[in-house]
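Chemist: Here is a sequence together with a model predicted from it:
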There are 2 protein chains.
Amino acid sequence: MTEQLTGLVAVDAGGTSTRAVVLDPAGHCLGYAVGGGANPTAVGAETAAASVAQSITEALGTAQLPSTRIRLVVLAMAGAGSPSVAAEVRAQLTGSVLDAHVVFESDLLATFFSGTHQSDGYAVISGTGAGAIRVEDGRQVAVADGLGWLLGDEGSGFWIGHRVVRAALADLDGRGPATALTPLLLARLGVATPSDAGDREPIIAVLRTLYDGPPVRLADHARLVFEVDGDEIAERILDDAAAALERTLTAVRSPTVPGPVVLGGGILGHGGQLVDRLVGARGAVEVHVVTDGTLGVCVLALRRAGTNVDAAVFEHLAASLTAVR
Amino acid sequence: MTEQLTGLVAVDAGGTSTRAVVLDPAGHCLGYAVGGGANPTAVGAETAAASVAQSITEALGTAQLPSTRIRLVVLAMAGAGSPSVAAEVRAQLTGSVLDAHVVFESDLLATFFSGTHQSDGYAVISGTGAGAIRVEDGRQVAVADGLGWLLGDEGSGFWIGHRVVRAALADLDGRGPATALTPLLLARLGVATPSDAGDREPIIAVLRTLYDGPPVRLADHARLVFEVDGDEIAERILDDAAAALERTLTAVRSPTVPGPVVLGGGILGHGGQLVDRLVGARGAVEVHVVTDGTLGVCVLALRRAGTNVDAAVFEHLAASLTAVR
């Protein structure tokens, strides 16, 4: 560390919100701010970049550190692999916020380091999307799924929400069994329940509403699966989601890396019933559940800055982050 | 019938082509033409309407009948229920082709009457989309599914193609079992097979190609499921598709209507293995398989014109249509 305080910025860009942290190379959090959603698939590269820039600007404000002191920005986001998104974010940051070096990291790796300081193990994420990675020596060495709502993301919020909506429509249509998900979905969408068995108005109203939005918005209805008790269809959706995430994790497994396994993303981070199913299958392996990747992207920033993030630094960083949030 | 020959136009507007027939009220086919695809969901209302108008114009040309002699146009199309599509088609026909009364019928009803002259029974369609109807007294009195690629259409070309692509990607990703569908899909998309187990280039290339097009185009890959022999994954997809179509048919069943059952659409009309599964489950019920709805929309036009379409008229019409095609 130099005499003059230098700072790092760590950003966890998620689908519904973006979290920016200003910290020093020892792992003290100096500032924190929350911005809008920054999933480039959902909101577009430009809006995603604007959310990132805004959250960084506000975090720097709370840290009362001039942007010239920032030497590194580490940004974890789902679309990090996309050059167009990276370029758009870089362009907006350079113009409006700061000229520091910007490094992109995968949201899966940020999830991993939100649960552990160890440099080997696995992360399974289920938010709007879903995927798993194997981490060795702090790097993502294998990945499975994360292939997007149409062609992959098995066990994700979209995947669950899609099944919830299809099950409710099959129920209304007489093709599928009755499920407690149906009245919940209709209430959520503000659609009246059918007047009799042949009434197709509710089906038409649901179709009109849902085809009107982008498909990925079906993820909004995933939570309904956690709101019904003892519903056979909901239980089957959760069992299938857990089995899908299990297959995804199995695809990146290596006998030389026993664990830990970090579970994260909006669905796994908050969905106790799905975590119970996955943890139940894990046996003796160390499992951590995290609600977002903020702590992990701070770890990644520290590692990039040359800080050795051992158990003590990790503990201190976690406590310091909790204090500023 | 008046002294002066009057004509009817029957149009079967499908996803990949549109068929127009000019016929007289006795069921003699006078002209026939094939135009472009007219699924409003796939190509938009304007292009769909243009395909319809073009096929009618050409059919009138081959019939050598002035358009002033046409008193009725009956048009079967998937989007017939949509007022915007109907209005667009009417506008284009009125301006450029003819001023005859235009009546819209469901493509499901046209499928039904392509297989039988009887006025009670069922139709199950699986093309790009899928659905089933119960017909009583020549009218569609119950419908199931047909809810579109994202929220319904179970057992359809999209539904099958979607599963084919997901199964191939799960295979490439190590999440799913090996399947003969994978090399077929890669060859179809012009993507090189993986160089080793960790090679993700083929996955990325498949994603790039398929996310680039509209989701409904996944239906293009449904046929692969018929091109592999004894592949466990392909067999399961076909079993699941047959079960889904069976559920859809069951949803419209009534004990007072035993049959017949007409199977149609691009997948059922040409997919022997799927038909075998459905027919196997049908027992003693009369089943007809049809490749499109052209004959049926002619029957609907004749019924609208007051012709009693009995077995003899139906036979004559079918032979006359075969002769002009």
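Modeler: Structure's in. What do you need?

Chemist: and the stretch 151-300 of chain A, which residues reach chain B?
Modeler: A:151-152, A:154, A:162, A:165-166, A:169-170, A:173-176, A:198, A:200, A:203, A:206-207, A:210-211, A:215, A:218, A:247-248, A:250-252 (C-beta under 8 Å from any C-beta of the partner chain). Glycine gets a C-beta too; all of them are placed from N, C-alpha and C.

Chemist: OK, now which residue of the stretch 201-325 of chain A is nearest to chain B?
Modeler: Scanning the stretch 201-325 of chain A for proximity to chain B using C-beta to the nearest C-beta identifies A:Ala251 as nearest, at 3.8 Å.

Chemist: Please give me every residue in contact with that residue.
Modeler: A:Ala132, A:Ala144, A:Asp145, B:Asp173, B:Gly174, B:Arg175 (C-beta atoms under 8 Å, 6 or more residues apart in numbering or on different chains).

Chemist: Which residue is the nearest non-sequential neighbour of the residue most central in space within chain A?
Modeler: When chain A is reduced to its mean C-alpha position, the nearest residue by C-alpha atoms, centre = their mean turns out to be A:Gly265, at 3.6 Å. Of all residues not flanking A:Gly265 in the chain, A:Gly127 sits nearest, at 3.3 Å (C-beta to C-beta, 6 or more residues apart in numbering or on different chains).

Chemist: what about the strands in chain A?
Modeler: For chain A, strands defined by DSSP state E occupy the ranges A:7-13, A:18-23, A:29-35, A:70-77, A:101-106, A:121-126, A:130-136, A:139-145, A:261-264, A:287-289.

Chemist: For those, give me JSON lines that also has mean neighbour count and mean pLDDT.
Modeler: What follows is those, written out as JSON lines (neighbours: other C-beta atoms under 10 Å in any protein chain shown; pLDDT from 0 to 100):
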{"stretch": "strand A:7-13", "mean neighbour count": "30", "mean pLDDT": "93"}
{"stretch": "strand A:18-23", "mean neighbour count": "28", "mean pLDDT": "95"}
{"stretch": "strand A:29-35", "mean neighbour count": "21", "mean pLDDT": "94"}
{"stretch": "strand A:70-77", "mean neighbour count": "24", "mean pLDDT": "89"}
{"stretch": "strand A:101-106", "mean neighbour count": "19", "mean pLDDT": "86"}
{"stretch": "strand A:121-126", "mean neighbour count": "30", "mean pLDDT": "95"}
{"stretch": "strand A:130-136", "mean neighbour count": "25", "mean pLDDT": "96"}
{"stretch": "strand A:139-145", "mean neighbour count": "20", "mean pLDDT": "94"}
{"stretch": "strand A:261-264", "mean neighbour count": "26", "mean pLDDT": "94"}
{"stretch": "strand A:287-289", "mean neighbour count": "18", "mean pLDDT": "91"}
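
Chemist: quick one: which of the ones you listed is nearest A:Ala318?
Modeler: Distances from A:Ala318 to each of the strands of chain A were compared using C-beta to C-beta; the shortest belongs to strand A:29-35, at 9.8 Å.

Chemist: what helices or strands is the closest one leaning on?
Modeler: Using 3 or more C-beta pairs under 8 Å, 6 or more residues apart in numbering or on different chains; DSSP states H and E, the elements in contact with strand A:29-35 are strand A:18-23, helix A:45-63, helix A:311-324.

Chemist: Quick one: mean pLDDT for the longest one?
Modeler: Regarding helix A:45-63, the rounded mean pLDDT is 87.

Chemist: so how far is that helix off the chain centroid?
Modeler: Relative to its parent chain, helix A:45-63 has a centroid offset of 18 Å by C-alpha atoms, centre = their mean, to the nearest Å.

Chemist: residue ranges with poor pLDDT in chain A?
Modeler: Applying pLDDT under 70 to chain A flags the ranges A:1-5, A:41-42, A:79-85, A:95-98, A:271, A:281-284.

Chemist: Now do the longest helix seen in it: distance to the chain's middle.
Modeler: Residue-count comparison of every helix in chain A, with assignments taken from DSSP state H, identifies helix A:232-252 as the longest. Relative to the mean C-alpha coordinate of its chain, helix A:232-252 is positioned 18 Å out (C-alpha atoms, centre = their mean).

Chemist: likewise stretch A:203-222?
Modeler: Its chain's C-alpha centre and that of stretch A:203-222 lie 21 Å apart, by C-alpha atoms, centre = their mean.

Chemist: in that stretch, what's buried?
Modeler: With burial defined by 16 or more other C-beta atoms under 10 Å in any protein chain shown, the residues of stretch A:203-222 counted as buried are A:Ile203, A:Val206, A:Leu207, A:Leu210, A:Pro215, A:Val216, A:Arg217, A:Leu218, A:Ala219, A:Asp220, A:His221, A:Ala222.

Chemist: Now the terminal residues of it, how far apart.
Modeler: In stretch A:203-222, first residue to last residue: 19 Å (C-alpha to C-alpha, to the nearest Å).

Chemist: So what touches that stretch?
Modeler: Defining contact as C-beta under 8 Å, 6+ apart, one finds that stretch A:203-222 is touched by A:41-42, A:128, A:149-150, A:156-158, A:160-162, A:164-165, A:168-169, A:172-173, A:185-186, A:188-189, A:191-192, A:267, B:147-148, B:150-151, B:215.

Chemist: again, only using 6 Å
Modeler: For stretch A:203-222, contacts defined as C-beta atoms under 6 Å, 6 or more residues apart in numbering or on different chains pick out A:42, A:128, A:149, A:157-158, A:160-162, A:164-165, A:172, A:189, A:191, B:150.

Chemist: how about these, which pair is most distant?
Modeler: Among the contacts of stretch A:203-222, the pair separated by the greatest distance (C-beta to C-beta) is A:Ala42 and A:Leu172, at 27.4 Å.

Chemist: quick one: which of those two has more around it?
Modeler: Between A:Ala42 and A:Leu172, counting by other C-beta atoms under 10 Å in any protein chain shown, A:Leu172 is the more crowded of the two (24 against 19).

Chemist: How about the more buried one: what's its closest non-neighbour residue?
Modeler: Using C-beta to C-beta, 6+ apart, the nearest residue to A:Leu172 is A:Ile203, at 5.2 Å.

Chemist: So A:Pro25 versus A:Ser119, what's the distance?
Modeler: Computed as C-beta to C-beta, to the nearest Å, the A:Pro25 to A:Ser119 distance reads 18 Å.
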